[in-house]
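K.L.:
Sharing a model prediction with you, sequence too.
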Amino acid sequence: RRACGAAAAGLAGSAAARILGAARLGHLEGEASEDPAKPRPPGIGLYMAVKSVEDLQKRFPPALVRTDNPRLVMPYLSADEVSKGGEGEAIAYAATGTVQTVLVRPPDGIPSDAHPCVLISSSLEGEAAEEAAAQLWAALEASGQVVIKRSGDGRPVSARLPSGRGRWSGAVSAARGAPLFGQTVSLQAPGPGQRSALLSLGFVPCEVDAWQAGECVRECGFCKFMKGGPCRDEFVAWEACVDRSRDRKEDFVEVCGRHTLALKACTDEHPEYYGELMGDGREEEGEAPGEGEEDGIETRESAAAH
């Protein structure tokens, strides 16, 4: 974030400057800076690129509650498992009264689940909707309503309907697919003479808590630390003020003084979280602000350059 790099300039006073000093020295970048009470994000997800979301919703208009920030529904990945995204393909489409979803051939080099899919819309919410989509594809394959061709490692490569046609709609009998009994299912897959995919889809890897409105917005350790404590609201207000001031080419040190003081007052009130960054109390012992802090304080120019 832009405001994070300007922290030294915006947070006035030597005690506040020590916050940035700790961030600069890397204190906030490692595991020690994380709030132990705050659960770690589950990992990295593969989110659909904005253009692919538009293409998918144009091809299959959402009939239920549209999914925000659609991702490839499968277990989250680690940084070692995915370093970049890539292009996958929607190889089949299915819809019930509960979910709309496409089965996906994942980008090359990405570990795959048995039924990786993207949720288009659903009457369910959150993980329940994603689970319903994955279970739908598992049931359709088990019932024989969809035939999935797989690579040697089990990744879906293409899909077709048993009839060989491109579309089918009807109820699945209990004998052929108990999980779908009583539901009407609409299916689409490439038909005779068509390419092996319905649609190309682009995917972007991103930490779960960093994907915002079609963009992966990663925050620095300093910002994560500040927002992880009891002064989150004060920090967010200060950060927004700094961003606005910089956009307007204003002196954010002066414009955001009220927010800076509010943030400093809050951090002073919560030494149990921020106290380690407040120094050793030399100001109260009479040491002039800034003395002995050469290693911890950045100038306004150097901070803004980060």
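P.N.:
Good, I have the coordinates. Numbers count the residues shown, from 1 in each chain.

K.L.:
so where's the longest helix in this structure?
P.N.:
For the chain, the helix with the greatest residue count under DSSP state H is helix 126-143.

K.L.:
buried set for that helix?
P.N.:
Within helix 126-143, the residues that count as buried by 16 or more other CB atoms under 10 Å are Ala129, Glu130, Ala132, Ala133, Ala134, Leu136, Trp137, Ala139, Leu140, Glu141, Ser143. (Glycine included, C-beta is placed from N, CA and C.)

K.L.:
quick one: Ala129 and Ser122 touch, right?
P.N.:
Yes: checked against CB atoms under 8 Å, the pair Ala129 and Ser122 is within contact range at 3.8 Å.

K.L.:
Can you check which residues contact both of these two?
P.N.:
Residues within reach of Ala129 and of Ser122 at once, by CB atoms under 8 Å, 6 or more residues apart in numbering, are Thr67, Val99.

K.L.:
if we can go back for a sec, show me what the longest helix of the chain is packed against.
P.N.:
Under the contact criterion of 3 or more CB pairs under 8 Å, 6 or more residues apart in numbering; DSSP states H and E, the helices and strands touching helix 126-143 comprise strand 72-73, strand 86-95, strand 99-105, strand 117-122, strand 184-188.

K.L.:
helices or strands next to the third one in the packing?
P.N.:
When you say that, I think you mean strand 99-105. Under the contact definition 3+ CB pairs under 8 Å, 6+ apart, strand 99-105 sits against strand 86-95, strand 117-122, helix 126-143, strand 156-160.

K.L.:
Starting from that strand, tell me which strands it pairs with and how they run.
P.N.:
For strand 99-105, the paired strands and their directions (DSSP bridges) read strand 86-95 (antiparallel), strand 117-122 (antiparallel).

K.L.:
Looking at the helices and strands packed on strand 99-105, which is nearest to Pro107?
P.N.:
Pro107 sits nearest to strand 86-95 of all the helices and strands packed on strand 99-105, at 3.1 Å, using CB to CB.

K.L.:
Let me have the closest one in CSV, keeping just the CA atoms, if that works.
P.N.:
What follows is strand 86-95 as a C-alpha-only set of coordinates in CSV (Å, rounded to 0.1, in the frame of the first residue of the first chain):
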residue,chain,number,x,y,z
GLY,A,86,-2.1,-19.4,-16.4
GLU,A,87,-4.9,-20.4,-18.7
GLY,A,88,-7.3,-23.2,-18.1
GLU,A,89,-10.5,-24.2,-19.8
ALA,A,90,-14.2,-24.7,-18.9
ILE,A,91,-14.8,-28.2,-20.3
ALA,A,92,-18.4,-28.7,-19.2
TYR,A,93,-21.3,-26.7,-17.6
ALA,A,94,-23.9,-27.9,-15.1
ALA,A,95,-26.8,-26.2,-13.4
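
K.L.:
how distant is that strand from the center of its chain?
P.N.:
Relative to the mean C-alpha coordinate of its chain, strand 86-95 is positioned 21 Å out (CA atoms, centre = their mean, to the nearest Å).
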